[in-house]
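J.: Fold the following for me, if possible:
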Amino acid sequence: MLDSITPPKGFKKIFRRHDKKQNDRFETKISKKINKKKLIIWIVIIVILLVPAFYLFKTGSAFSKIITIKNIAWEKIFGKLPSSEYTPLKDENRINFLLLGIRGDNDPNAGAWLTDAIMIVSMEKNTGKIALISVPRDLYLQMPGEAIYEKINTVYAIGNKKYDSGLDYAKKTLAYLTGIYIDYAIEVNFDAFKDIVEILGGIKVNLEKAFIESNQWGCDAMGKNCMVFKIDAGEQNLNGESALLYVRSRFSSSDFDRIRRQQQVMIALKDKILSLGILADPLKVSGIIDVLSKNIVTDVSPWQIPELIILAGKAKTDNITRKVFENSSEGMLYESKINGMYVLLPTDATFNNIREACQNIFKQN
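T.: Below is the predicted model of the structure:
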């Protein structure tokens, strides 16, 4: 019988040695696979940790340069708490951003802190509706806490010089003017605007007729022999320099037309950002943040960004309400001259009509 056969002497030892070698090789293969798997897992973990860490470091570093959360106490402006018209209540179903376009330190006419663009971007949270509300630079009013009247385009400069916070003073002044609570403010200078447009690869605007400005740019000391800036009719792609000239030009048209162009460009920027999926592209976000760190000031905190991004994702950007206060009965302003200076004044001698229009902007459509 086969099971009664005795194996040769030493056979079991050889078999065990062979079996051990096989097991060792098998275990080595498994060990290598496990180690390789562990290595891959650790690489993935490191990437997952380091990429956001680098991004947060970069954004944190940039935000540390641009954030200025300086809230001016009303008592510092008035010596006491002001009446309720200066402090409109916050609407929990609405968020309002104040955008200030300033000339910046490179302005040749020493108007670094004057605002060429004053715009409120407002969103109704439960519907996602968006509105752009523009205030003309020549609107004349008594500034909060000041004995004299000034044009609204000086608001940022006054706040910086007298209260050490142009941004918060502008927020308080625009809240008083419009009757709506201003949640956040952003100040953008010309260099930032140009660079952002360049990073996006330009923006597209559609003109019904050619735009020509022949009285404002590149003029000699006598204000003559100016450069002709022109954009042809139809759909045009504007680079940073052209976009800036387009939103600043007003001598051959009017400040109200310029405001409408500013709103047009804001919508064009929105369209380009959405089409490129900027928020999902760390490289583009990083490039934009680099620009922001040099040429923008805001009171938005880094930890508020995620919430704002979520809100932005809910915004209905295909049908934006646009409001421009201008020199007409519907525009609620009229033009006048005070001590030879061109100014705009409210037709009702108060700001009640303007406040009502701003407060009910989403009920109008």
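J.: Could you check how far residue 101 is from residue 203?
T.: For residue 101, the distance to residue 203 (C-beta to C-beta, to the nearest Å) stands at 15 Å. The C-beta positions use only the backbone N, C-alpha and C, and glycine is treated the same way.
J.: Just the helices from the stretch 251-365 of the chain, written as ranges.
T.: Taking DSSP state H, counting those that start in this stretch, the helices of the stretch 251-365 of the chain run over residues 255-276, 282-295, 305-314, 352-359.
J.: so the first one versus helix 305-314, what angle?
T.: Angle of helix 255-276 versus helix 305-314, following axes from the mean of the first three to the mean of the last three C-alpha atoms, to 10 degrees, is 100 degrees.
J.: what packs against helix 255-276?
T.: Secondary structure elements in contact with helix 255-276, counted by 3 or more C-beta pairs under 8 Å, 6 or more residues apart in numbering; DSSP states H and E, are strand 115-124, strand 130-134, strand 203-207, helix 240-248, strand 321-324.
J.: could I get those as CSV with distance to residue 256 and mean pLDDT?
T.: Compiled in CSV, the helices and strands packed on helix 255-276 are given as follows (distance: least, C-beta to C-beta, whole Å; pLDDT from 0 to 100):
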stretch, distance to residue 256, mean pLDDT
strand 115-124, 13, 94
strand 130-134, 9, 96
strand 203-207, 17, 96
helix 240-248, 13, 95
strand 321-324, 6, 94
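J.: Would you mind giving those as JSON lines with distance to residue 191 added?
T.: Conversion of the helices and strands packed on helix 255-276 to JSON lines gives the following (distance: least, C-beta to C-beta, whole Å):
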{"stretch": "strand 115-124", "distance to residue 191": "13"}
{"stretch": "strand 130-134", "distance to residue 191": "22"}
{"stretch": "strand 203-207", "distance to residue 191": "17"}
{"stretch": "helix 240-248", "distance to residue 191": "9"}
{"stretch": "strand 321-324", "distance to residue 191": "26"}
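J.: Residue 238 touches residue 197, doesn't it?
T.: Yes: the criterion here is C-beta atoms under 8 Å, and residue 238 meets it with residue 197 at 7.0 Å.
J.: Between these two, which contacts overlap?
T.: Both residue 238 and residue 197 are in contact with residue 203, where contact means C-beta atoms under 8 Å, 6 or more residues apart in numbering.
J.: if we can go back for a sec, between the helices and strands packed on helix 255-276, which gets nearest to residue 269?
T.: Nearest of the helices and strands packed on helix 255-276 to residue 269, taken as C-beta to C-beta: strand 203-207 at 5.9 Å.
J.: Give me the residues contacting that closest one.
T.: 197, 231-238, 243, 246, 264-265, 268-269, 271-272.
J.: same deal with stretch 249-261?
T.: Under the contact criterion C-beta under 8 Å, 6+ apart, stretch 249-261 has outside partners 117, 134, 136-138, 211-217, 229, 246-248, 322, 324, 326-327, 331.
J.: Narrow those to those that are buried.
T.: 117, 134, 136-138, 211, 213, 215-216, 229, 246-248, 322, 324, 326-327, 331 (16 or more other C-beta atoms under 10 Å).
J.: contacting residues around residue 338?
T.: So residue 338 contacts 140, 149 (C-beta under 8 Å, 6+ apart).
J.: Quickly list what it is bridged to.
T.: Residues in a beta bridge with residue 338, per DSSP bridges, are residue 341.
J.: shift numbering so it begins at 51
T.: All right, first residue 51 from here; so that's residue 388.
J.: just the strands in this protein please.
T.: In the chain, the segments counted as strands under DSSP state E are 144-152, 165-174, 180-184, 190-192, 199-201, 234-239, 253-257, 261-267, 277-281, 284-288, 346-348, 371-374, 383-388, 391-396.
J.: Tabulate those (CSV), appending distance to residue 208.
T.: Shown next, in CSV, are the strands of the chain (distance: least, C-beta to C-beta, whole Å):
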stretch, distance to residue 208
strand 144-152, 13
strand 165-174, 11
strand 180-184, 20
strand 190-192, 12
strand 199-201, 7
strand 234-239, 14
strand 253-257, 32
strand 261-267, 26
strand 277-281, 31
strand 284-288, 33
strand 346-348, 16
strand 371-374, 24
strand 383-388, 18
strand 391-396, 16
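J.: out of those, nearest to residue 223?
T.: So among the strands of the chain, strand 190-192 is nearest, using C-beta to C-beta, at 8.2 Å.
J.: who does that closest one touch, helix- and strand-wise?
T.: When contacts are defined as 3+ C-beta pairs under 8 Å, 6+ apart, strand 190-192 packs onto strand 199-201, strand 391-396.
J.: Dump the ones you listed to JSON lines, plus mean pLDDT and mean neighbour count.
T.: Formatted as JSON lines, the helices and strands packed on strand 190-192 follow (pLDDT from 0 to 100; neighbours: other C-beta atoms under 10 Å):
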{"stretch": "strand 199-201", "mean pLDDT": "95", "mean neighbour count": "16"}
{"stretch": "strand 391-396", "mean pLDDT": "96", "mean neighbour count": "17"}
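J.: Where does pLDDT dip in the stretch 201-350 of the chain?
T.: 329-337 (pLDDT under 70).
J.: 80 instead, please
T.: Counting by pLDDT under 80, the stretch 201-350 of the chain contains low-confidence ranges at 327-344.
J.: Same question for the stretch 51-200 of the chain.
T.: In the stretch 51-200 of the chain, residues with pLDDT under 80: 51-119, 154-162.
J.: Tell me where it has helices.
T.: For the stretch 51-200 of the chain, the helices defined by DSSP H, counting those that start in this stretch cover 61-116, 124-128.
J.: Could you measure from the nearest residue to residue 128 once chain neighbours are set aside over to residue 139?
T.: Distances taken as C-beta to C-beta, 6 or more residues apart in numbering place residue 195 nearest to residue 128, at 5.4 Å, with adjacent residues excluded. Relative to residue 139, residue 195 is positioned 21 Å away (C-beta to C-beta).
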